[in-house]
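>>> give me a model of this one.
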Amino acid sequence: MDEPATPPAVPEKLFTFQDYLFLSYLAFCMFCVAWVGRMAYNEGMHNEITKRNGEQWAKWFTEASPERVKPDFALAACSTAAPPVVAPVAATPATPETAATNPASEVPSEATGGAIPVPVEPKPVEAAPPAPPVKAWGPCQQALTAKGGPLADMINPFSNQPVALVAKCDMTDRSLAGALVLEKIQNTPPGSAISTITSQLVETDPIDQKMQLRITVCDKGAYPIRIAELDF
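The predicted model follows:
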């Protein structure tokens, strides 16, 4: 009696459709994780560059504070040194030739029947020295950020534009990301409820005297990041 023939062996599939679907989903998840990580890294680097911009401003203010009282300070627009005083021009003394043309300098003479010139020395008139111009923050800022200035090459990493100075960081305005805020700190009279008040440093503010400044930068969400408080 013949033995029944055994059916041929069917090769077993290594991967099914569900396996390929799972592997595709896993690859997609890994791509998303890498993409989000890359975005987080770029945003972190942009925030770090923004902080470095603020630190460079703070470094310049700190280094310039003791130097700008000298007459030979590099940026004259930011200096506190008084301009050279121009000596007043004294009045020219009268001479016989000039006195002869002045009727007030002639007196009658009986011998000649006329008048003889008598030199009259006028009182010297001292010209008042001109008042020194008040140095303001506007020209100093322009000298700092103009081409060739010490802070001219700063770029906002979020917009790839020069760093802008703004009044404050506002979370509702994302266009302020990477901006810089300069504020002046003023002491209030003794006994006040608040010891100091803070306001924006504007172009018309005088910088002839020492002042206290606060430097803040705006991160990606326009949140303020405090950099430093210093004397300038």
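>>> where does E229 sit: helix, strand or coil?
For E229, the secondary structure call by DSSP: H, G, I helix; E, B strand; the rest coil comes out as strand.
>>> what confidence value was assigned to it?
What the model reports as pLDDT for E229 is 94.
>>> what is the neighbour count of it?
14 (other CB atoms under 10 Å). (C-beta placed from N, C-alpha, C; glycine too.)
>>> tell me the gap between the longest helix seen in the chain and the middle of its chain.
With DSSP state H applied, the helix covering the greatest number of residues in the chain is identified as helix 17-64. Going by CA atoms, centre = their mean, to the nearest Å, the spacing between the C-alpha centre of helix 17-64 and its chain's C-alpha centre is 28 Å.
>>> what is the mean pLDDT for that helix?
Confidence for helix 17-64, expressed as mean pLDDT, is 89.
>>> so what's the residue sitting nearest the centre point of the chain up against?
Centre of the chain computed as the mean C-alpha position; nearest residue by CA atoms, centre = their mean is Q141, 5.0 Å away. The contact partners of Q141, taken as CB atoms under 8 Å, 6 or more residues apart in numbering, are 165, 203.
>>> which strands and helices sit next to the longest helix of the chain?
For helix 17-64, the helices and strands in contact under the criterion 3 or more CB pairs under 8 Å, 6 or more residues apart in numbering; DSSP states H and E are strand 180-187, strand 212-218, strand 224-231.
>>> 10 Å instead, please
Under the contact criterion of 3 or more CB pairs under 10 Å, 6 or more residues apart in numbering; DSSP states H and E, the helices and strands touching helix 17-64 comprise helix 137-145, strand 155-156, strand 180-187, strand 212-218, strand 224-231.
>>> within the sheet, what are the partner strands of the last one, with directions?
So the one you mean is strand 224-231. In the sheet containing strand 224-231, the strands it pairs with under DSSP bridges are strand 212-218 (antiparallel).
>>> run the chain-centre distance for the partner strand.
10 Å.
>>> now do the buried residues in that strand.
213-218 (16 or more other CB atoms under 10 Å).
>>> just those residues now: which is nearest R174?
C218 (9.4 Å; CB to CB).
>>> without its sequence neighbours, what residue ends up closest to the closest one?
Counting by CB to CB, 6 or more residues apart in numbering, C169 is the residue found nearest to C218 once chain neighbours are left out, at 3.9 Å.
>>> gap between A167 and R214?
13 Å (CB to CB, to the nearest Å).
>>> anything in contact with each of those two?
The contact sets of A167 and R214 overlap at 181-183, 201 (CB atoms under 10 Å, 6 or more residues apart in numbering).
>>> I'd like to know how many residues surround A58.
Residue neighbour count, defined by other CB under 10 Å, stands at 18 for A58.
>>> with the one 3 residues further on instead?
In terms of burial, F61 registers 19 neighbours under the definition other CB under 10 Å.
>>> what residues does it make contact with?
The contact partners of F61, taken as CB under 10 Å, 6+ apart, are 68, 78, 144, 182, 213, 215, 228, 230-232.
>>> would you quantify the distance from it to L144?
Summarising the geometry, the distance separating F61 from L144, computed by CB to CB, is 10 Å.
>>> find the residues that touch each one of those two.
In the contact map built from CB under 10 Å, 6+ apart, the residues linked to both F61 and L144 are C78.
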